[in-house]
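1. fold the following for me, if possible:
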Amino acid sequence: MAVLGRPEALQSKPGQPLARVSTVREGVAIIPVCGPLSRASSPIQEILSLLGGGSSYETIRKDLQAAIEDPRVHSILLEIDSPGGDVNGAGELAQAIYEAGKSKEVRCYVQGTCASAALWIASGAKEIVCSPTAEIGSIGVCQLWIDDSKMLANAGIKEHLIVSAQSPLKSFDPSSEDDRARVQAKLNQLADIFISDVAKYRAMSPASILAGGGATFIGQHAVAAGFADRLGDFESLLSEMAAEAAKGKTTMSAKEDGATFAREVLAMLGVEDHAKAMGALVALKNQAEEAVKVQAQLTALLKEKQAAEIKAAIDGAILGGYPAAKRAMLESLGEKYGLEGVQAAAEASKRPEPAVPASPHTLQQHAQASGVAQTQFTRDQIKIAQMAGIKPEEIAAHKLKSGIQEEA
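-> Presented below is the predicted three-dimensional model:
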């Protein structure tokens, strides 16, 4: 025995209630679109929706908004099994679904039928996935007019319609070719809007839509016709959407960290927007580059000045009687100890100097016997004194800046 109920895709487990007839699973809002579709909702319509007797655009739109605003929801899945319905409201809902996709991803899954107005609203989603047996299509608009004149006549009933003279086109006579032509033009205009929307949302040409002639297509043929994107099943699509959302959370976290950093930078710079911040950062960068250039210039000038002073000291020492053959030694002292090293060597060369014992031990004794304060010299200091042709006590006397002294 068949049991009346809302037709839905084969789900492995139920979701948590979201709003009205929608649920949430793994962060995905599942909104059912089933049965005949109508513009407005009513208590009877709500009951019929729960029993699988139809859906209203109003209810779907409210559930869509609830999903957009719910922080638990990262994406939306329209579960469609509908033959279509009213023109009035279908285009508005399709537009709302398309706009919702700018804040949260919206996809459709078609288990059974997605025809006419159902395809109109489904076209607003990012993707339409269908089962291999799904029936999709039926693009176009139709209007049913029942001729009950004979039934009324047999019942002895005759209708009389009187229309104001200013509005002769307000009435409709199905037996009139002109009146039927007027209705046909109206339906064509509505179909043009339908086709235009589907072409826009599905990135199709109107010609490719018209090629279908208003027919429906099954599964893979619907994909080939452009009315669906791929075959699939409900659970796989839901898992895919949940996995993509989990991946997106990591990206969102990085974006939030970046936003926090940006706010801190704005506060540090004392500006209100990113444009002013960029201007301030560029100015700081230019100032830093200019400071580096100035520092390099000052360093170069200082080196030039020191080099000139050392050269002048060496030239003066040689003119004063320092052996010209030892100029290279003075230059070496200048590179290592600066101007003071050259001056100390030149000053020492002006005084007669006793023979310096070659042995570091006797050299130490000589320093003590020469009358200066007893100072302990390292082997390296003694070697420097020998190389410079000066007594080791001259190092202390002229306070040579020697890194070797610190290594003793």
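2. return the distance of the longest helix along the chain from the chain's centre.
-> As assigned by DSSP state H, the longest helix anywhere in the chain is helix 274-319. Helix 274-319 sits 42 Å away from the centroid of its parent chain (C-alpha atoms, centre = their mean, to the nearest Å).
3. mind giving me the packing neighbours of the helix or strand just after that helix?
-> Where DSSP states H and E defines the elements, the next helix or strand beyond helix 274-319 is helix 327-337. On a contact count with 3 or more C-beta pairs under 8 Å, 6 or more residues apart in numbering; DSSP states H and E, helix 327-337 meets helix 274-319, helix 339-349, helix 379-388. Where you see a C-beta, it was placed from the backbone N, CA and C, and this is true even at glycine.
4. how much space between the residue nearest to Gln343 when sequence neighbours are not counted and Lys303?
-> The shortest distance from Gln343 to any non-neighbouring residue, by C-beta to C-beta, 6 or more residues apart in numbering, is to Ala313 (5.9 Å). Distance from Ala313 to Lys303, counting by C-beta to C-beta, to the nearest Å: 16 Å.
5. which of those two has more neighbours?
-> Taking neighbours as other C-beta atoms under 10 Å, Ala313 and Lys303 compare with Ala313 leading, 20 against 10.
6. how much space between that one and Tyr109?
-> To Tyr109, Ala313 is 91 Å away according to C-beta to C-beta.
7. what of Gly232?
-> 7 Å.
8. so what sits against both of these two?
-> Val129, Cys130 (C-beta atoms under 8 Å, 6 or more residues apart in numbering).
9. ranking the helices and strands packed on helix 327-337 by burial, who's on top?
-> Highest mean neighbour count of these: helix 339-349, a mean of 21 (counted as mean count of other C-beta atoms under 10 Å).
10. so what does it touch, helix or strand wise?
-> Helix 339-349 sits against helix 274-319, helix 327-337, helix 379-388, helix 393-397, with contacts defined as 3+ C-beta pairs under 8 Å, 6+ apart.
11. alpha carbons of that helix, as CSV, please.
-> Only the C-alpha atoms of helix 339-349 are listed here, as CSV (Å, rounded to 0.1, in the frame of the first residue of the first chain):
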residue,chain,number,x,y,z
LEU,A,339,95.2,56.5,12.6
GLU,A,340,96.4,55.9,16.2
GLY,A,341,98.4,52.8,15.0
VAL,A,342,100.2,54.9,12.4
GLN,A,343,100.8,57.8,14.8
ALA,A,344,102.2,55.4,17.5
ALA,A,345,104.6,53.8,15.1
ALA,A,346,105.8,57.1,13.7
GLU,A,347,106.3,58.6,17.2
ALA,A,348,108.3,55.5,18.3
SER,A,349,110.6,55.8,15.3
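12. so how far is it off the chain centroid?
-> 68 Å.
13. that one to helix 327-337, inter-axis angle?
-> 140 degrees (axes from the mean of the first three to the mean of the last three C-alpha atoms, to 10 degrees).
14. got phi/psi on Glu135?
-> Main-chain dihedrals, Glu135, degrees, to the nearest 10: phi -110, psi 120.
15. mind checking how far it is from Leu78?
-> Using C-beta to C-beta, Glu135 is found at 16 Å from Leu78.
16. ditto for Lys285
-> Distance, Lys285 to Leu78, using C-beta to C-beta: 50 Å.
17. low-scoring stretches of the stretch 151-300 of the chain, by residue?
-> 248-263, 265-266, 269, 271-274 (pLDDT under 70).
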